[in-house]
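[1] Provide a 3D model corresponding to the input given below.
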Amino acid sequence: MAAEHLADVIGSLTPEQQQSVKQFIDFLKAEGSSPASPFLAAVDQFIDRHPELLRRLAQ
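    Here you go, the predicted model:
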């Protein structure tokens, strides 16, 4: 997903949703650059493959 598109999606969220996204990003940064578990790898893969679904869920 292009950074510009991601910024547009996040910009369309409510302030509370934006805060949740920021907290999730902070969590991912704290965990390091590579997933520490198969679950996190699967989450990353799902996010990459299904951005439209996640956008719709965020509405």
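[2] and the next helix or strand past the longest helix along the chain?
    Ranked by residue count and defined by DSSP state H, the top helix of the chain is helix 15-31. Proceeding N to C from helix 15-31, the next assigned helix or strand is helix 38-49, under DSSP states H and E.
[3] now do the following helix or strand past that following helix, average pLDDT.
    Using DSSP H and E, the helix or strand that directly follows helix 38-49 along the chain is helix 51-58. Helix 51-58 carries an average pLDDT of 84.
[4] coming back round to it: just the CA trace of the longest helix of the chain, in CSV.
    The C-alpha coordinates for helix 15-31 follow below in CSV (Å, rounded to 0.1, in the frame of the first residue of the first chain):
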residue,chain,number,x,y,z
PRO,A,15,-9.9,11.1,16.0
GLU,A,16,-10.5,8.1,18.2
GLN,A,17,-9.8,5.6,15.4
GLN,A,18,-6.7,7.6,14.4
GLN,A,19,-5.4,7.3,18.0
SER,A,20,-5.9,3.5,17.9
VAL,A,21,-4.0,3.3,14.7
LYS,A,22,-1.1,5.4,16.2
GLN,A,23,-1.1,3.1,19.3
PHE,A,24,-0.9,0.0,17.0
ILE,A,25,1.9,1.5,15.0
ASP,A,26,3.8,2.3,18.2
PHE,A,27,3.3,-1.3,19.4
LEU,A,28,4.7,-2.6,16.1
LYS,A,29,7.7,-0.3,16.3
ALA,A,30,8.4,-1.5,19.9
GLU,A,31,8.3,-5.1,18.7
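[5] got a list of contacts for that helix?
    10-11, 13, 40, 58 (Cβ atoms under 8 Å, 6 or more residues apart in numbering). To be clear about C-beta, it is placed using only N, CA and C from the backbone, and glycine gets the same treatment.
[6] ok now that helix, how far from the chain's centre?
    Relative to the centre of its chain, helix 15-31 is centred 8 Å away, using Cα atoms, centre = their mean, to the nearest Å.
[7] that one vs helix 38-49, what angle?
    Helix 15-31 and helix 38-49 meet at an angle of 130 degrees, taking axes from the mean of the first three to the mean of the last three Cα atoms, to 10 degrees as the criterion.
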